[in-house]
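Visitor: Sequence and predicted model, in that order:
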Amino acid sequence: MAMPRGTLPRRYRAWRPKRSQFPRGFRAWALVATRFTLVIMLLIVGDRIAAGLTSQGWRMDQGAVVVVRVLTALPTLRFPLEGFLLALEVDKWDWYWLDAGSRSKEYQAIYQQWDKVLDLFALGVAAFVALRWRDRTMRTMALATFLLRAGGVGAFLLTEERWLLVAFPNVFETLFLMYVVFQVIAPREPMLTGSASAVIVFLAALLPKLAAEYYLHILERRPWDSLDLPIPDMLEPQFWLALVYLPAAVVVGLLVRRGRRLAVEHGRDPGATA
């Protein structure tokens, strides 16, 4: 028998809060917006600082980069959103800190293997956080994609076949960000309310990642190196990064809107309107 419109499956009704956790009123939404704005500003400032230091010839040895990569992955345990973004930001810059682009092909091949191991450490820390997620479907999807990525990286390390990194894309990264962003907006609320929302979330994470992995590991270039866009060169990486995560951001926004509507329909948000 089909469930009535707006009805949640039993497994979600069992643990959802009695009162809606979605923001209500200008003040609540302003606090959420302020947090996201501060995170974005810190990322932009970090990019500018790293770019400035790199342009002035600032470099690090490999041992120091390993220490930085490991230490910057650990804050994810306490601050899932900010900590994970910090780890991704450092991962983006270690290529330049090591000046890998000006070194031999042999060194760059070794860098790719070494970098993927450190990537797995950061993802593993995030996967440990995902073990505590209350949304069972989201938790299962995230952990399954982490294990698939780990298997793909392991196969890549053994064979050095770059297509394996495309066949086993880093979908976990996007799924993790989608869930922690949703939880910043609506703590303890279920993100997925059925199989349809699970499929949409998975596709929003998978398809852009496949394209990004194909460019990086098969074409061995970045999109902004092959397409001339009518924007300043310094903004091109941020533009393409925004495109990769845009579908995920849109889907999270729609899930927040739907979740708030369901909360109103079930009387968990008295005084609010859908």
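Guide: Here it is on my side, so go on.

Visitor: show me the contacts for the closest residue to Met191 other than its chain neighbours.
Guide: Nearest non-adjacent residue to Met191, counting by CB to CB, 6 or more residues apart in numbering: Phe182, 4.7 Å away. Every residue, glycine included, has its C-beta placed from N, CA and C. Neighbour list for Phe182: Glu189, Met191, Val252, Leu255, Val256 [criterion: CB atoms under 8 Å, 6 or more residues apart in numbering].

Visitor: For Leu43, state which of those is nearest.
Guide: Here the nearest of the contacts of Phe182 to Leu43, counting by CB to CB, is Val252; it sits at 17.6 Å.

Visitor: mind listing what's buried in the one helix or strand the closest one maps to?
Guide: Assessed by DSSP states H and E, Val252 sits inside helix 236-265. For helix 236-265, the neighbour count (16 or more other CB atoms under 10 Å) marks 236, 240-241, 245, 247-248, 251-252, 255-256, 259-264 as buried.

Visitor: Equivalent analysis for stretch 114-121, please.
Guide: Neighbour-count burial for stretch 114-121 [16+ other CB under 10 Å]: Trp114, Asp115, Lys116, Leu118, Asp119, Leu120.

Visitor: quick one: which of these is nearest to Thr140?
Guide: Closest to Thr140 out of those is Leu120 (19.6 Å), distances taken as CB to CB.

Visitor: And that closest one, its phi and psi?
Guide: Backbone torsions for Leu120, taken as degrees, to the nearest 10, come to phi -60, psi -30.

Visitor: quick one: the closest residue to Ala205 other than its chain neighbours from Val252, how far?
Guide: In space, Ala205 comes closest to Thr174 once its chain neighbours are excluded; the distance is 3.8 Å by CB to CB, 6+ apart. Per CB to CB, to the nearest Å, Thr174 is found 10 Å from Val252.

Visitor: swap in Leu243?
Guide: Distance of Leu243 to Val252, computed by CB to CB: 16 Å.

Visitor: gap between the strand or helix carrying Val45 and the chain center?
Guide: Val45 belongs to helix 25-55 when assigned by DSSP H and E. Offset of helix 25-55 from its chain centre (CA atoms, centre = their mean, to the nearest Å): 16 Å.

Visitor: what about Glu106, how many residues close to it?
Guide: 8 (other CB atoms under 10 Å).

Visitor: what about it, which SS state?
Guide: Following DSSP: H, G, I helix; E, B strand; the rest coil, Glu106 is assigned to helix.

Visitor: gap between it and Gln113?
Guide: Distance from Glu106 to Gln113, by CB to CB: 11 Å.

Visitor: What of Phe202?
Guide: Phe202 is 28 Å from Gln113, where distance means CB to CB.

Visitor: who has more neighbours, the two?
Guide: Shown here are Phe202 and Gln113; by other CB under 10 Å, Phe202 has more neighbours (17 against 12).

Visitor: Dump the C-alpha coordinates for stretch 103-115 into PDB.
Guide: C-alpha atoms of stretch 103-115 as PDB (Å, rounded to 0.1, in the frame of the first residue of the first chain):
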ATOM      1  CA  ARG A 103      60.000  17.900 -11.600                       C
ATOM      2  CA  SER A 104      60.500  14.700 -13.600                       C
ATOM      3  CA  LYS A 105      57.700  12.400 -14.800                       C
ATOM      4  CA  GLU A 106      59.000   9.700 -12.400                       C
ATOM      5  CA  TYR A 107      58.600  12.100  -9.400                       C
ATOM      6  CA  GLN A 108      55.100  13.100 -10.500                       C
ATOM      7  CA  ALA A 109      54.100   9.400 -10.800                       C
ATOM      8  CA  ILE A 110      55.400   8.800  -7.200                       C
ATOM      9  CA  TYR A 111      53.600  12.000  -6.100                       C
ATOM     10  CA  GLN A 112      50.300  10.600  -7.500                       C
ATOM     11  CA  GLN A 113      50.700   7.400  -5.400                       C
ATOM     12  CA  TRP A 114      51.800   9.300  -2.300                       C
ATOM     13  CA  ASP A 115      49.000  11.900  -2.600                       C
END
